[in-house]
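Asks: fold the following for me, if possible:
(2 chains)
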Amino acid sequence: MNNVMVIDDESIWTELDLNLGAPKGNRSQHPHGDVVKTTGRILVVDDEPDIVFLIKKRLTNAGYEVSVAMDGAGATRIAMQTCPDVVLLDIGMPCGDGHMVADRIRSNPNTCFTPIIYLTARTSDEDRERATAAGAFAYITKPFASDELLAQVRQAISYWR
Amino acid sequence: MLELSGFEAIEHQATVEDALLSISRSEPELVILDLHLGDDVSGLDLLTQLRTGQLAATELPVLVCTGDTDLESKRAALTLGATDFLTKPVDVIEVGKRVQNLIESHQLRVELENRVAHRTQDLGRINNELEIEVSGRKKVEGALRQTEQRMRFLLISGRITVYTCTPFPPFSQTFVSPNVTAHLGYEPEEFTADPTFWIDRVHPEDRPGVEAGRREIGKGERITQDYRFRHKDGSYCWVSDDQLLILDSSGNPVEIIGGWFDIGDRVQAQQGLASHAVILETANARLKEFDRLKSEFVATASHEMRTPLTIIREYASQLNDGLAGAMGAEQREMLDAVIRNCDRLRGLLDNLLNLHRIEAHQMEMNRSKVDLTKTIRDCFRDFAPKCRSNGITLKINVIEPVPPTFCDADLIGQVLVNLLSNAVKFTPDGGIITLTAKPVQDRIEISVEDSGKGIAPEAIPKIFEAFSQIDRVEGPGYRGTGLGLTISKKIVEMHGSEFKVISTLGRGSTFSFLLPIWDLDSELAAFVTEKWMQRNSELAGTLMVLRCSTEPGPDREGLLAQIIGRVAVSCPAEPGGLRLASSRLVAAVLGTDASTAEKTLRQLSSHDDLIAQSSIEWAVLGFEATKPIEDWMSSIERSFKPLGR
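Replies: Take a look at the predicted model:
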């Protein structure tokens, strides 16, 4: 029950709610070989304190380890230092926007495979295309439903396992 | 005797009748008549006959001879018209001379009479001609008099001042009609007395143009100039000056004839119009700007609302999920309501954004070949549960065969979802909703029919307006934002169609629209104008169109020629006929058959000319499953890259 590997990107698995994102005991293999005991480490990037707080609460409650950054420079630094499993990325930020952060993450060999889920109020085609070009895992617009967010995070984390 | 003198002698005649006959037959120039010719014949009778009978007109000279010495017979003969008289015995020479004289004078007389007759004829003819001429003259005079009357009227009371002037500067007037006083206040004499009178009173700003124009008149002969002229009272009035240059028979300018017409009213009206036009333009520009600002404001505001809305929704959701402690039932209901309404707000924001995009023409359609039956089946699957729970029967009516359509699948999907949501909203328990797709002439008609409350005819146009709610009563199911139909209408219009609404109050409504049937040429045309030209508006490129289909399209050459014209590129039909006019090459792959396309593309990649090309951009049209070809093209050596990415 705890060692189920999902190699499929269909959403039907999460709808069936197999509890794949269960808080304890999922073995996971980081690309670089480290074995970590938590379900995953997530970097949440947003310049709005309230947003950062509530996402952190939601994810922590779901069993993830959450680190945060509130501007582009900080996000890049923390991503390089901690190599998170997933990055939740806002676009509109001071000191470097989300697109810049994504480019930096992609160009660093340590982090270039990290899935990035964009979580933004931006709805324009240009932003979406740029995100896609940077290899976004998902692009979620605000306001979001927490189910969708959690599902995407689960899939992103299990993408490399 | 007579013979000797050279005359023709006439025989003796027995009777008067014989004599007359003989005379008329032989036409002598002279008759010598003896009064006593015989017992039956009287010379006087003959003479009488000659002068009164048929031969009277000839006026034959008659020389009467007689031996009588009595005066009676002489007198009688002369009275009866004898020309001359001889008494026998006659002298030969005398007779000869007399005869000669008589004949000569007769001849002269005849000659004279002829001449007179001729002359009379001539005179008669000349007289006739003169009469004709005179009557003609009379008519002309009559016409002239009439013209003169009209002219006089015009010159005195007409609205055009007629003038003549010299054909060189300062164009002094030689004649000005009397009505100038009524128009410009001056007397005609003031113009003709002073050579620069006219030019001095042309408005200083208009003077150079007027003078220049007049000098040009030599070449064009007739011109019109509008300028300001100073009225006697000092004010300037607008005058239209029509001029004609008169040349003599050798082509030299003689004078200018012209007319001045007051166009003050016209100028005023024009200025009024012009200033109105300016006012309208300004107002229009301001309105457009307001519209744009409003649109931008809506877009910005709705963007700004997303973050606070996110926080509200997520905290309510977390509370509801017990992340901050357990919630009671009532609290959870309240939070459910909060979350529901946050979703409503989100829907409104999304709709506002959509509408803004469509109106600001930022919405790009991605049209492709779409199988409508699949789209409809998806709709059915999505709406069946809701219909079931509302007791509504949902029917699909697809009239086969439905050819593929050329449209934006996502946008048309949105339209169908919108129509079906409305149908569900307004159809009561036990009702029926039917979703139909059928070919109609050269297009496909899609319609959603419900058995709901219906819409009043006067309300039909209003339901497409933004934020209109067909009714405000809370019905079963999701209450819309009021923008759904507005956006759907725009989407349908973007596809070149419009909504047709048929509705009966209390019975139901049908919403329908048309979509074009897919064909390769339409897709190519749309591709070129919408995608390729948008990205290449400044650069010319070479568009190479590869025909992979095995059937020759009848109009394809025509269509390609049209596209060539529009895109200004060279466009060969076969890969072998490449003309590489510039350094950019775009290949649009057409086809109905994926494997033929692949084959043609392989040929393309090995073409010698293309080796010189450093980059070729391509797009694939006409295939539903485009992925394999795209993958293949990305993998081959020449740097093929997808257009626009």
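
Asks: contacts, neighbours, all on C-alpha from now
Replies: Fine.

Asks: the helix or strand hosting residue B:385 and chain A in contact?
Replies: Per DSSP states H and E: residue B:385 is located in helix B:372-390. No. Against chain A, helix B:372-390 shows no contacts by CA under 8 Å from any CA of the partner chain, the least distance being 15.4 Å.

Asks: quick one: buried residues of that helix?
Replies: Residues of helix B:372-390 classed as buried: B:372, B:373, B:375, B:376, B:379, B:380, B:383, B:384, B:387, B:390 (neighbour count, 16 or more other CA atoms under 10 Å in any protein chain shown).

Asks: same check on stretch B:175-195?
Replies: Those would be B:176-181, B:183-184, B:186-188, B:191-192, B:195, for stretch B:175-195 by 16+ other CA under 10 Å.

Asks: any chance of those residues in JSON lines, plus secondary structure, pLDDT and distance to residue B:83?
Replies: Listed next are these as JSON lines, based on DSSP: H, G, I helix; E, B strand; the rest coil; pLDDT from 0 to 100; distance: CA to CA, whole Å:
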{"residue": "B:176", "secondary structure": "strand", "pLDDT": "92", "distance to residue B:83": "79"}
{"residue": "B:177", "secondary structure": "coil", "pLDDT": "90", "distance to residue B:83": "78"}
{"residue": "B:178", "secondary structure": "coil", "pLDDT": "89", "distance to residue B:83": "79"}
{"residue": "B:179", "secondary structure": "coil", "pLDDT": "89", "distance to residue B:83": "82"}
{"residue": "B:180", "secondary structure": "helix", "pLDDT": "90", "distance to residue B:83": "84"}
{"residue": "B:181", "secondary structure": "helix", "pLDDT": "90", "distance to residue B:83": "86"}
{"residue": "B:183", "secondary structure": "helix", "pLDDT": "89", "distance to residue B:83": "88"}
{"residue": "B:184", "secondary structure": "helix", "pLDDT": "91", "distance to residue B:83": "90"}
{"residue": "B:186", "secondary structure": "coil", "pLDDT": "92", "distance to residue B:83": "88"}
{"residue": "B:187", "secondary structure": "coil", "pLDDT": "92", "distance to residue B:83": "84"}
{"residue": "B:188", "secondary structure": "helix", "pLDDT": "91", "distance to residue B:83": "82"}
{"residue": "B:191", "secondary structure": "helix", "pLDDT": "92", "distance to residue B:83": "84"}
{"residue": "B:192", "secondary structure": "helix", "pLDDT": "91", "distance to residue B:83": "81"}
{"residue": "B:195", "secondary structure": "coil", "pLDDT": "91", "distance to residue B:83": "85"}
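
Asks: and which of the residues you listed is nearest residue B:394?
Replies: residue B:183 (83.9 Å; CA to CA).

Asks: that closest one and residue B:161: what is the separation?
Replies: 8 Å (CA to CA, to the nearest Å).

Asks: over to residue A:78?
Replies: 94 Å.

Asks: between the two, who's got more neighbours?
Replies: residue B:161 (24 against 15; other CA atoms under 10 Å in any protein chain shown).

Asks: can you classify the more buried one as helix, strand or coil?
Replies: Following DSSP: H, G, I helix; E, B strand; the rest coil, residue B:161 is assigned to strand.

Asks: what about stretch B:171-184, how long is it end to end?
Replies: Its start and end residues considered, stretch B:171-184 measures 18 Å (CA to CA).

Asks: before we move on, what about stretch B:67-84?
Replies: Start-to-end, stretch B:67-84 (CA to CA) is 14 Å.

Asks: what mean pLDDT does that stretch get?
Replies: Mean pLDDT, stretch B:67-84: 78.

Asks: now what about it, what contacts it?
Replies: Here stretch B:67-84 makes contact (CA atoms under 8 Å, 6 or more residues apart in numbering or on different chains) with B:44, B:47, B:48, B:51, B:61, B:62, B:63, B:64, B:85, B:87, B:88, B:89.

Asks: for it, buried residues please.
Replies: Buried residues in stretch B:67-84 (16+ other CA under 10 Å): B:74, B:77, B:78, B:80, B:81, B:82, B:83, B:84.

Asks: returning to what we had before: could you point out which element follows the helix holding residue B:385?
Replies: Remark: after helix B:372-390, the chain's next helix or strand is strand B:393-398, criterion DSSP H and E.

Asks: mind listing the strands that following strand pairs with, and their directions?
Replies: Partners of strand B:393-398 in the sheet, by DSSP bridges, are strand B:432-440 (parallel).

Asks: got the buried residues for the next helix or strand after the partner strand?
Replies: Toward the C-terminus, strand B:432-440 is succeeded by strand B:443-450 as the next helix or strand (DSSP H and E). Judged by neighbour count using 16+ other CA under 10 Å, the buried positions of strand B:443-450 are B:443, B:444, B:445, B:446, B:447, B:448, B:449, B:450.

Asks: how about residue B:255, phi and psi?
Replies: As for residue B:255, its main-chain torsions (degrees, to the nearest 10) stand at phi -160, psi 170.

Asks: would you confirm that it contacts residue B:171?
Replies: No. In this structure residue B:255 lies outside contact range of residue B:171 using CA atoms under 8 Å: 9.2 Å.

Asks: what residues do these two have in common as contacts?
Replies: Joint contacts of residue B:255 and residue B:171 (CA under 8 Å, 6+ apart) are residue B:165.

Asks: next to chain B, which bits of chain A? Give me the list.
Replies: Residues of chain A lying near chain B (CA under 8 Å from any CA): A:50, A:51, A:54, A:58, A:61, A:121, A:122, A:142, A:143, A:144, A:145, A:146.

Asks: would you list the buried entries among those?
Replies: Buried among the residues of chain A next to chain B by 16+ other CA under 10 Å: A:50, A:51, A:54, A:58, A:121, A:122, A:142, A:143, A:144, A:145, A:146.

Asks: just put those in JSON lines and tack on secondary structure.
Replies: Output for these, formatted as JSON lines (three-state DSSP):
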{"residue": "A:50", "secondary structure": "helix"}
{"residue": "A:51", "secondary structure": "helix"}
{"residue": "A:54", "secondary structure": "helix"}
{"residue": "A:58", "secondary structure": "helix"}
{"residue": "A:121", "secondary structure": "coil"}
{"residue": "A:122", "secondary structure": "coil"}
{"residue": "A:142", "secondary structure": "coil"}
{"residue": "A:143", "secondary structure": "coil"}
{"residue": "A:144", "secondary structure": "coil"}
{"residue": "A:145", "secondary structure": "coil"}
{"residue": "A:146", "secondary structure": "helix"}
